[in-house]
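missing the sequence, but the structure's below:
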Ligand SMILES: Nc1ncnc2c1ncn2[C@@H]1O[C@H](COP(=O)(O)OP(=O)(O)OP(=O)(O)O)[C@@H](O)[C@H]1O
């Protein structure tokens, strides 16, 4: 591996792996302990790519990762780095090729951030573990890369989960591997640190050309940062490929078996559904242009059965309505609401106890939704009294979502 001194992204000098064309591939791999947990796993991850391994709890993701790192012997098949079988490589050499960061909370006693990161230098240091100048530079470069120089002298035991995770990633980087394996790198983290770590990993892959294999439960983030994903279930790969292609609502529903939530890759998120077996619809939502998304999420969260429409295909309100509502009336994109959609929505609105006007922007294509509101008898609106007057809508202004909830008796 060619190591050279280069400017890091933040302008400081560090030792990093500058050229890396390595790839790791699994060929017909079977993993497990005494029994087989996953079989016939095949994939490749190349330099600069992030491969995400997804799957339900206990599906074998960590076992697979440990096998890729040669910590477990495969029950069948093999793992290769640049064509070399990893299970035949001596540990010292292997540590320069592959790092593994596991989920378990590390007990690093009274070690400082610097000391924990320097543990990553074990393949390079002498028998008594002395660090030379190059080692110190590699440790500091890794801390800089993860934006954690400020943690160098802080005790690991006194760090937050987010800080510890950055230190563990710096430790893996200090090992100067070609391939980084990470088991659930965002577990225990809050939303901010989750995004920060994911962006950091993306940067490591892009800038350092390191191939990253990570396990995660976070489909939304996998969709955003992984180049490829492998989804495992029932002892095998259920789906493999580009996340944009293979992470569909259907696949996620099948693999995770989440009856009360649905996933829409176009908005990259799960939505709770109100399709909970209830048949009595209480509310009809007239929305558009994103004005109704949060209101529909709120109704779903509160378990209120509702219908929605008319919404235009491609509008975020349409995506959310399709995931959360009992019934959604859609119109084709950029098309005026036609008679068919209008009549259908009217029928739904008339069968409900009340109609919610989300205060959507009115344009030529959705003008008939005003007609819909005026045809309904009990309308609560998030528009001001003045706007309702100007638009000639006969509705009760509720002023805020808090007030709307009160009107709904919640
Ligand atoms: N050391 C072990 N010895 C025997 N069986 C084990 C061992 N570790 C894990 N298992 C079993 O292997 C199966 C797969 O576990 P694994 O931790 O690989 O799943 P996972 O997909 O990573 O789960 P999670 O998402 O909950 O972390 C489980 O049934 C687990 O109980």
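Right, received. Where do you want to start? In this text, all values refer to a predicted model and were calculated from it rather than measured experimentally.

from here on, contacts and neighbour counts on C-alpha atoms
Will do.

work out for me the element the nearest residue to residue 170 once chain neighbours are set aside sits within.
Counting by CA to CA, 6 or more residues apart in numbering, residue 170 lies nearest to residue 142, which is 4.9 Å off, once chain neighbours are set aside. Assessed by DSSP states H and E, residue 142 sits inside helix 133-145.

cool, residue 317 as well?
Residue 317 belongs to helix 316-324 when assigned by DSSP H and E.

repeat for residue 170
helix 161-174.

what packs against that helix?
Applying 3 or more CA pairs under 8 Å, 6 or more residues apart in numbering; DSSP states H and E, one finds that helix 161-174 contacts strand 98-101, helix 113-118, helix 133-145, helix 191-208.

now do the longest one against helix 161-174, angle only.
Going back to what we said before, that points to helix 191-208. 10 degrees (axes from the mean of the first three to the mean of the last three CA atoms, to 10 degrees).

domain ranges for the chain?
What the TED database lists as the domains of the chain is 23-257, 271-408.

the ligand: which of those is closest?
domain 23-257 (3.2 Å; CA to the nearest ligand atom).

does the ligand sit close to that closest one?
Yes: under the criterion of CA under 6 Å from any ligand atom, the ligand is reached by domain 23-257 at 33, 56, 57, 58, 59, 60, 61, 62, 63.

re earlier: strand partners of whichever helix or strand comes after the helix holding residue 170, parallel vs antiparallel please.
Using DSSP H and E, the helix or strand that directly follows helix 161-174 along the chain is strand 179-183. Applying DSSP bridges, strand 179-183 is found paired with strand 98-101 (parallel), strand 211-216 (parallel).

can you pull out the residues in contact with strand 179-183?
Residues outside strand 179-183 that contact it (CA atoms under 8 Å, 6 or more residues apart in numbering) are 22-24, 47, 62, 65, 69, 97-103, 172, 210-216.

what do you get for stretch 283-290?
292, 296, 304-312, 315-318, 348-349, 352-361, 369, 373.

I'd like to know which of the residues you listed are buried.
Buried residues within the contacts of stretch 283-290, counting neighbours by 16 or more other CA atoms under 10 Å: 292, 296, 304-312, 315-318, 348-349, 352, 354-360, 369, 373.

so which strand or helix has the residue nearest the centre of the chain?
Geometric centre of the chain, nearest residue: residue 221, 1.9 Å, by CA atoms, centre = their mean. Taking DSSP H and E as the definition, one finds residue 221 inside helix 219-225.

so what does that helix touch, helix or strand wise?
So helix 219-225, by 3+ CA pairs under 8 Å, 6+ apart, packs with strand 50-54, helix 191-208, helix 243-246.

quick one: it to chain centroid distance?
Chain-centre distance of helix 219-225: 3 Å, with CA atoms, centre = their mean, to the nearest Å.

and that helix, what's buried?
219, 220, 221, 222, 223, 225.

give me the contacts around that helix.
Contacts for helix 219-225 (CA under 8 Å, 6+ apart): 50, 52, 54, 195, 198-199, 202, 216, 229, 243-244, 247, 265, 268-269.
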